[in-house]
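Visitor: Take a look and give me a structure for this.
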Amino acid sequence: MSAGVSLSPSRPRVLCIGNPDSLAEAARWLTSNGLEPTTMPDGELVAAVATEDVLDGLCTATEAIAMQHVRTRDVPCVSVLHARRVGAAAVG
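Guide: Numbers count the residues shown, from 1 in each chain. So this is what the prediction gives:
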């Protein structure tokens, strides 16, 4: 087996969009509940969590592209304040 290859099943992924400082608590909660927070809008995603600024359209081009990715794939997206609700639905 080569280094870096994991045989464990992958965790459900949640895309985090916005300022990392604003997403830190949500990312910790997601991780502690068996979800994998990611900033890469690729692969299978069970949900997305975005900061209020991103949801209001006050975002970088990269964040706008991530939101477009989420919307075109019908991935549920909520604010940081509702991250636990999405996490609970994804794991149970």
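Visitor: so where is the chain shaky, pLDDT-wise?
Guide: 1-9, 87-92 (pLDDT under 70).
Visitor: mind listing the helices for it?
Guide: Using DSSP state H, the helices of the chain run over residues 20-32, 52-55, 61-72, 83-91.
Visitor: Take these and write them to TSV, including distance to M40.
Guide: The way it works is simple: take the backbone N, C-alpha and C, and place the C-beta from them, glycine included. Formatted as TSV, these follow (distance: least, CB to CB, whole Å):
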stretch	distance to M40
helix 20-32	13
helix 52-55	16
helix 61-72	9
helix 83-91	17
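Visitor: Now the one residue sitting closest to the centre of the chain. Nearest residue, chain neighbours left out?
Guide: Centroid-nearest residue in the chain: L15, 2.0 Å away (criterion: CA atoms, centre = their mean). Spatially, and ignoring its direct neighbours in sequence, L15 is nearest to A48 (4.1 Å; CB to CB, 6 or more residues apart in numbering).
Visitor: Bridged to the nearest residue to R11 once chain neighbours are set aside, which residues?
Guide: Of all residues not flanking R11 in the chain, E36 sits nearest, at 4.2 Å (CB to CB, 6+ apart). Per DSSP bridges, the residues bridged to E36 are R13.
Visitor: My read is that R85 contacts V78, right?
Guide: Yes. Assessed by CB atoms under 8 Å, R85 is found in contact with V78 at 6.7 Å.
Visitor: out of those two, which sits in the busier spot?
Guide: Using other CB atoms under 10 Å as the criterion, R85 and V78 rank with V78 on top: 19 against 12.
Visitor: thought that one was touching T51?
Guide: No. Taking contacts as CB under 8 Å, V78 lies outside contact range of T51: 11.0 Å.
Visitor: To P41, which of the helices of the chain lies closest?
Guide: helix 61-72 (4.1 Å; CB to CB).
Visitor: Now stretch 70-88 - C-alpha only, CSV.
Guide: Extracted as CSV, the C-alpha positions of stretch 70-88 are listed here (Å, rounded to 0.1, in the frame of the first residue of the first chain):
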residue,chain,number,x,y,z
VAL,A,70,-23.7,24.1,-5.1
ARG,A,71,-26.8,25.6,-6.7
THR,A,72,-26.3,23.8,-10.1
ARG,A,73,-26.0,20.5,-8.3
ASP,A,74,-29.0,21.1,-5.9
VAL,A,75,-26.7,20.7,-2.8
PRO,A,76,-28.5,22.0,0.3
CYS,A,77,-26.8,25.2,1.5
VAL,A,78,-27.4,26.9,4.9
SER,A,79,-25.8,29.7,6.9
VAL,A,80,-23.2,29.1,9.6
LEU,A,81,-26.0,29.5,12.2
HIS,A,82,-27.8,26.5,10.8
ALA,A,83,-24.8,24.2,10.2
ARG,A,84,-25.8,21.9,13.0
ARG,A,85,-29.2,21.3,11.5
VAL,A,86,-27.6,20.2,8.1
GLY,A,87,-25.0,18.1,9.9
ALA,A,88,-27.7,16.3,11.9
